[in-house]
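Trainee: I would like the atomic coordinates for the input below:
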Amino acid sequence: MPTPSATMQAVAVIAGRPGSLHLRDVARPSLDDVPGGRGVLVDVVRVGVDATDREIVDAEYGTAPDGGEHLILGHEGLGRVAVVGSAVPPSLPPGTLVVPTVRRPGGSIYDRIGLPDMTTDEVVLERGINGLHGFLAETFVEDAANLVPLPESLEPVGVLLEPLSIAEKGIRQAFEIQRRLRVWRPARAAVMGAGTIGLLFALALRLRGLDVTVYSRREPPYLNSDLVEAIGGRYLSSSIATLDDLAAAGGPLDLIVDATGYSPLALGAARIVARNGVLVLTSVTGGDETAELPTDAINQGFVLGNKVLVGTVNAAREDFEEGLEDLLRAEAFHRGWLERLITTRIDGLVGHAEMLRRLVEDESAIKVVVEVNRG
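Mentor: A predicted model of the protein is given here:
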């Protein structure tokens, strides 16, 4: 077997410099990068990219690791274990398909109890986003504790686990909060936004038996609305239907999830959530959008109706593990649905320019993935 080169290719940006996306040679990682024999060398199979990557390319955020100027992109990884350190558990042998989690522990009490997604630290470390290189490279090394093993049957769709984990956390948080009711049995939900996250929220809620309406700008029919209907959901266009229409479509909304990236709509939904209901906000909005809202009516509704508004970001390992179970359920009950989400496949790291073009210009793209090494 040939000796691996000391370098490899990766897709990176110069952090803070707009339009600096490029392919570069970087040092190949080593098991010794993780102390205590816990390192796992993973060959990348494919990586999903999304609006976060596009915004990093635009220098809206994103920081390089200490001591460097470049940041390797990619936080939605799927890979295969190549080599393991001496202290790696036998549940991760070479050949195992794995998905890495994204956020790494900081110094808060929440980080110390295994909830880095709930950290109170001002600075967070996230692979491919802040302070740590991502997975758009030939290979990476990671602590075994941050790898979630997948069965081989999920190889075609396992790259969706990281975005699905965002939905899993949002739903889990809603149910955790609603323990206050002791017998919360949500029947109807609305998901605002029909992008990747919105569609995965809809899937996860349908798998839990909820009646789901997806509310998004574009008028049907198109692929996204077809996907909603394929899992037994309902689709409404915000271009022709109001929030009141959304509330009337399926009855009182016990759970509303916003994944639109448009804050007036997200907060406007506070008016239509049902008594004892929950509104979950998942969109990161960094602009300066303002809107007029009926604040007295919203306030009164929340007080007299025992309603909850909660924000959620990132995900814990348990959300990845629940997402794995939902991937398996989806393949059993809606075979082929997940693969339909992957609309755009880029051939290799050398296709990084096309990757960005499809992210920016292709409105029909749902999930764009880069095929790094399928062999």
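Trainee: Do you know the pLDDT at the residue lying closest to residue 98 once chain neighbours are set aside?
Mentor: The shortest distance from residue 98 to any non-neighbouring residue, by Cβ to Cβ, 6 or more residues apart in numbering, is to residue 147 (4.4 Å). Backbone N, C-alpha and C define where each C-beta goes, glycine included. Note on residue 147: pLDDT of 98.
Trainee: so residue 147 touches residue 42, yeah?
Mentor: Yes. In this structure residue 147 lies within contact range of residue 42 using Cβ atoms under 8 Å: 7.3 Å.
Trainee: Check the gap between the residue nearest to residue 98 and residue 309 for me.
Mentor: 34 Å (Cβ to Cβ, to the nearest Å).
Trainee: Name the residue in the two with the higher neighbour count.
Mentor: residue 147 (23 against 17; other Cβ atoms under 10 Å).
Trainee: Identify the bridge partners of the residue nearest to residue 98.
Mentor: residue 100 (DSSP bridges).
Trainee: Which residues are in contact with it?
Mentor: Each residue near residue 147 by Cβ atoms under 8 Å, 6 or more residues apart in numbering is listed here: 40, 42, 81, 92, 98, 99, 100, 101.
Trainee: repeat that with 10 Å
Mentor: The contact partners of residue 147, taken as Cβ atoms under 10 Å, 6 or more residues apart in numbering, are 40, 42, 77, 79, 81, 88, 91-92, 96, 98-101, 317, 320.
Trainee: what helices or strands is the strand or helix carrying residue 235 leaning on?
Mentor: In this structure, residue 235 sits in strand 234-237 according to DSSP states H and E. The contact analysis (3 or more Cβ pairs under 10 Å, 6 or more residues apart in numbering; DSSP states H and E) places strand 234-237 against strand 188-192, strand 211-216, helix 223-230, helix 243-250.
Trainee: Mind checking what secondary structure the nearest residue to residue 160 once chain neighbours are set aside has?
Mentor: Distances taken as Cβ to Cβ, 6+ apart place residue 338 nearest to residue 160, at 6.0 Å, with adjacent residues excluded. Three-state assignment for residue 338 (DSSP: H, G, I helix; E, B strand; the rest coil): helix.
Trainee: Also residue 13?
Mentor: The three-state label given to residue 13 by three-state DSSP is strand.
Trainee: Can you name the residues bridging to it?
Mentor: Beta-bridge partners, per DSSP bridges, of residue 13: residue 71.
Trainee: Isn't it up against residue 74?
Mentor: No. The pair residue 13 / residue 74 is not scored as a contact, 11.1 Å apart, by Cβ atoms under 10 Å.
Trainee: residue ranges for the helices of the protein, please.
Mentor: Counting by DSSP state H, one finds helices in the chain at the ranges 51-57, 109-112, 161-177, 196-207, 223-230, 243-250, 263-268, 295-305, 317-333, 337-341, 352-361.
Trainee: buried sites along stretch 273-287?
Mentor: Buried residues in stretch 273-287, counted by 16 or more other Cβ atoms under 10 Å: 273, 274, 276, 277, 278, 279, 280, 281, 282, 283.
Trainee: hmm, I was thinking of stretch 307-325
Mentor: So for stretch 307-325, counting by 16+ other Cβ under 10 Å, buried means 307-309, 312, 314-317, 319-320, 322-324.
Trainee: Pick the one among those residues closest to residue 62.
Mentor: Proximity of the buried residues of stretch 307-325 to residue 62 (Cβ to Cβ) peaks at residue 314, which lies at 15.3 Å.
Trainee: what bits of the chain have low per-residue confidence?
Mentor: Applying pLDDT under 70 to the chain flags residues 1-4, 374-375.
Trainee: what about 90?
Mentor: 1-5, 249-251, 284-289, 373-375 (pLDDT under 90).
Trainee: How is it divided into domains?
Mentor: For the chain, automatic domain parsing gives the domain ranges 8-150+341-371, 165-311.
Trainee: of those domains, which approaches residue 330 most closely?
Mentor: Short answer: domain 165-311, nearest of those by Cβ to Cβ, at 6.0 Å.
Trainee: From start to finish, how long is the closest one in a straight line?
Mentor: This stretch, domain 165-311, spans 15 Å end to end (Cα to Cα, to the nearest Å).
Trainee: starting at the chain centroid, how far to it?
Mentor: Distance of domain 165-311 from the chain centroid (Cα atoms, centre = their mean, to the nearest Å) equals 17 Å.
Trainee: Would you mind measuring from the residue positioned nearest the centre of the chain to residue 301?
Mentor: Of all residues in the chain, the one closest to the mean position by Cα atoms, centre = their mean is residue 163, 2.4 Å from it. Noted for residue 163: a distance of 31 Å to residue 301, by Cβ to Cβ.
Trainee: residues near residue 36, how many?
Mentor: Residue 36, neighbours per other Cβ under 10 Å, totals 10.
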